[in-house]
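Participant: sequence first, then the predicted structure:
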Amino acid sequence: MKKALAIAVLCIAFCGASFAVPTAGTLNTSCQSFIKGTDLTSPELIGYGACSGYLHGWFDAFDGSLDGEGNSVVFAPGITAGQMARVFVAYVTKHPEQENQPASIVLVNAMIDAKLVTLAKLPKSIVPKEQ
């Protein structure tokens, strides 16, 4: 019983923390491991996976999505997770004042700044109607 209670407490403590919105500073640290890529320590391996997963998920969520004004999000052809990571790390290094901002917002800023993401106006005939 004590063992089950201890496991439950640890799971609540650590699992709950995993749902926190990552900051640009946190993602920056993880992406530095992703960029390094080889001879990683255990914490760096976790960072590698966190950065890779975050970038792939972010890309999948935004690719072809629409903003509130009928614009489609368009990524540069052939963009890679490695390229996104390098651009993000360079952007956060240049803008340390954004380290405590949500990673998703700073990632958008970095990709737009590097011209790896653009907004394309869709013809009105294919923009979904509000219900």
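Facilitator: Cool, the structure landed.
Participant: so for the host helix or strand of Y91, mean pLDDT?
Facilitator: Under the criterion of DSSP states H and E, Y91 resides in helix 81-94. The average pLDDT for helix 81-94 rounds to 96.
Participant: which residues of the protein fall in helices?
Facilitator: Using DSSP state H, the helices of the chain run over residues 2-17, 24-36, 42-62, 81-94, 103-113.
Participant: coming back round to it: helices or strands up against the helix holding Y91?
Facilitator: helix 24-36, helix 42-62, helix 103-113 (3 or more C-beta pairs under 8 Å, 6 or more residues apart in numbering; DSSP states H and E). Placement of C-beta: from N, CA and C, glycine included.
Participant: can I get these in a markdown table with distance to P96?
Facilitator: Output for these, formatted as a markdown table (distance: least, C-beta to C-beta, whole Å):
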| stretch | distance to P96 |
| --- | --- |
| helix 24-36 | 8 |
| helix 42-62 | 18 |
| helix 103-113 | 11 |
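Participant: what's the closest of the ones you listed to G78?
Facilitator: helix 42-62 (12.4 Å; C-beta to C-beta).
Participant: how about the closest one: buried residues?
Facilitator: E44, G47, Y48, A50, C51, S52, Y54, L55, W58, F59, F62 (16 or more other C-beta atoms under 10 Å).
Participant: likewise stretch 104-114?
Facilitator: For stretch 104-114, by 16+ other C-beta under 10 Å, it's S104, V106, L107, N109, A110, M111, A114.
Participant: from the chain's centre, how far out does stretch 51-70 sit?
Facilitator: 9 Å (C-alpha atoms, centre = their mean, to the nearest Å).
Participant: and for it, what's in contact with it?
Facilitator: By C-beta atoms under 8 Å, 6 or more residues apart in numbering, the list of residues contacting stretch 51-70 from outside reads 22, 27, 30-31, 33-34, 72-75, 79, 81, 84-85, 88, 103-104, 107, 117, 119, 121-122, 124, 127-128.
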